[in-house]
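Chemist: heads up, no residue letters with this:
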Ligand code: UD1
Ligand code: UDP
């Protein structure tokens, strides 16, 4: 155990999942201070992951949820700066591409604290996505860039970043391997919803480009309505709000449910006949679980899942969604794309040797 302090900043659902294996690896080597920005705050979007994955209670909860992009990020910056001044960490650790990521990154850069970015180098090359801005800026102020894939290393190279870059694999694979058996033992979601393995498709939609565009959202829901299968759709709060605002309902084959915990989500994914999503993490999980994925976007950061033949970028056109679900089955093997399930340990070893 060193006396070095690592300040981890999380705030959104996928970050709780990504941080769990890394925090486990860091324990015993570093003193970790956990900062929850409060970006996600409903029980089903936050606490459930801490409970299921045994993540300890955050040392600080900044209570910054909701609000427009700039305001949300700005309020986080103000609060994180105060925590950094009090805690004086030796390193700050951020995950992915949310506003919590960018706020943690900028706060660290301005305070002169070395910054580690897990999931560095991902690019959609679509600057209209708030996440793309968050990723690019975070990478450019990072000291340690932990890339999940070769493509992400190459993306950084194109932007002139090679120092501090480490290809470590994907911590989401670590999380999946650690939790899948537990989930199989504990989740009751299939009997609770009356579902049979293979008897339904699983859908998630939460990207602003989809939820905040009435035509795109309508086209997606029409697609779900016309699938020749039941569709289980755990609805993100952003999506629920917009569907309510526009008075949108779903066809009787679509089962709307509240967001579920990680265990139930793994089981719902593993047993579905297809996943339809605009989520980043779920595209990877579909691949890792061997379930075909229809991505409701025009581009993706996770290009290797498409190249491997298990992910189709279908966009939101109703007919394309329906036809792809009806006619497409991947025929190829699934080469290991996301490491060997020990990414968190690799990250920890690099931090130990660099921060000592
Ligand atoms: C955020 C991330 C996105 C990530 C997603 C994971 C940014 C720019 N976006 O999007 O990259 O894929 O998280 O799920 O950081 N809300 C609730 N309850 C909650 C959480 C959110 O009601 O527990 C509401 C908020 O008040 C807000 C809306 O949902 O009105 C959107 O939340 P926000 O965190 O701003 O963005 P996400 O769409 O969740
Ligand atoms: N997830 C979950 N319950 C849900 C929806 C998603 O546990 O109802 C998990 C999912 O399995 C994955 C992560 O949340 O591990 C993905 O998060 P999300 O889709 O919100 O964000 P993104 O990956 O697009 O940033």
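Modeler: Now that the structure is in, tell me what you want to look at. Just so it is clear, the structure is predicted and the values come from calculations on it, not from any experiment. Ligands and ions are numbered 1, 2, ... in the order given.

Chemist: Only C-alpha atoms from now on, for both contacts and neighbour counts.
Modeler: Will do.

Chemist: which parts of the stretch 201-350 of the chain sit against ligand 1?
Modeler: Residues of the stretch 201-350 of the chain lying close to ligand 1 (Cα under 6 Å from any ligand atom) are 206, 237, 238.

Chemist: and of the residues you listed, the nearest to ligand 2?
Modeler: residue 206 (7.2 Å; Cα to the nearest ligand atom).

Chemist: Now the closest one: phi and psi?
Modeler: phi -150, psi -10 (degrees, to the nearest 10).

Chemist: I'd like the distance between the closest residue to residue 278 other than its chain neighbours and residue 221.
Modeler: In space, and not counting its chain neighbours, residue 278 is closest to residue 296: 5.0 Å by Cα to Cα, 6 or more residues apart in numbering. Counting by Cα to Cα, to the nearest Å, the gap from residue 296 to residue 221 is 11 Å.

Chemist: next one: residue 22
Modeler: Distance from residue 22 to residue 221, by Cα to Cα: 37 Å.

Chemist: Could you do residue 75 as well?
Modeler: For residue 75 relative to residue 221 (Cα to Cα), the value is 35 Å.

Chemist: for residue 228, same thing?
Modeler: 14 Å.

Chemist: out of those two, which sits in the busier spot?
Modeler: Taking other Cα atoms under 10 Å, residue 228 and residue 221 do not tie; residue 221 has more neighbours (18 against 13).

Chemist: a helix runs through that one, doesn't it?
Modeler: Yes - residue state for residue 221 (DSSP: H, G, I helix; E, B strand; the rest coil) corresponds to a helix.

Chemist: Look at the closest residue to it other than its chain neighbours and tell me its secondary structure.
Modeler: Distances taken as Cα to Cα, 6+ apart place residue 250 nearest to residue 221, at 6.7 Å, with adjacent residues excluded. Three-state assignment for residue 250 (three-state DSSP): coil.

Chemist: count of neighbours near residue 250?
Modeler: Neighbours of residue 250 (other Cα under 10 Å): 14.

Chemist: And residue 331, by the same measure?
Modeler: Counted with other Cα under 10 Å, residue 331 comes out at 9.

Chemist: Need phi/psi at it.
Modeler: Torsion angles, degrees, to the nearest 10, at residue 331: phi -110, psi 0.

Chemist: Tell me how far it lies from ligand 2.
Modeler: 24 Å (Cα to the nearest ligand atom, to the nearest Å).

Chemist: how close does that residue get to residue 311?
Modeler: Taken as Cα to Cα, the span from residue 331 to residue 311 is 12 Å.

Chemist: list the residues that contact both of those two?
Modeler: By Cα atoms under 8 Å, 6 or more residues apart in numbering, residue 331 and residue 311 have no common neighbours.

Chemist: Show residues contacting stretch 31-39.
Modeler: In contact with stretch 31-39 (Cα under 8 Å, 6+ apart) are residues 2-12, 23, 26, 57-66, 76, 100.

Chemist: In strands, which of those fall?
Modeler: 5, 6, 7, 8, 9, 10, 60, 61 (DSSP state E).

Chemist: what about burial for the residues you listed, which qualify?
Modeler: Burial of the ones in strands among the contacts of stretch 31-39 was assessed by neighbour count (16 or more other Cα atoms under 10 Å); the buried members are 5, 6, 7, 8, 9, 10, 60, 61.

Chemist: isn't the first one right up against residue 30?
Modeler: Which is residue 5. Yes - using Cα atoms under 8 Å, residue 5 is in contact with residue 30, at 6.0 Å.

Chemist: residues contacting the residue in the stretch 251-356 of the chain that ligand 1 sits nearest to?
Modeler: Proximity of the stretch 251-356 of the chain to ligand 1 (Cα to the nearest ligand atom) peaks at residue 279, 6.3 Å away. Residue 279 is in contact with 204, 205, 206, 207, counting by Cα under 8 Å, 6+ apart.

Chemist: burial count for the third one?
Modeler: The burial metric for residue 206, expressed as a neighbour count using other Cα under 10 Å, is 17.

Chemist: same thing with the second one?
Modeler: The local packing count at residue 205 equals 22, with neighbours defined by other Cα under 10 Å.

Chemist: Would you mark the buried spots in stretch 152-163?
Modeler: Those would be 152, 153, 154, 155, 156, 161, for stretch 152-163 by 16+ other Cα under 10 Å.

Chemist: what helix or strand does the residue in the stretch 151-300 of the chain positioned nearest to ligand 1 sit in?
Modeler: Distances between the stretch 151-300 of the chain and ligand 1 by Cα to the nearest ligand atom are smallest at residue 238, namely 3.9 Å. If you go by DSSP states H and E, residue 238 is part of helix 237-245.

Chemist: Can you tell me what sits against that helix?
Modeler: Contacts for helix 237-245 (Cα under 8 Å, 6+ apart): 205, 206, 211, 212, 249.

Chemist: Now with 10 Å, please.
Modeler: Residues from elsewhere that reach helix 237-245 (Cα atoms under 10 Å, 6 or more residues apart in numbering): 40, 42, 44-45, 66, 204-208, 210-214, 217-218, 234-235, 247-250, 256, 258-259.
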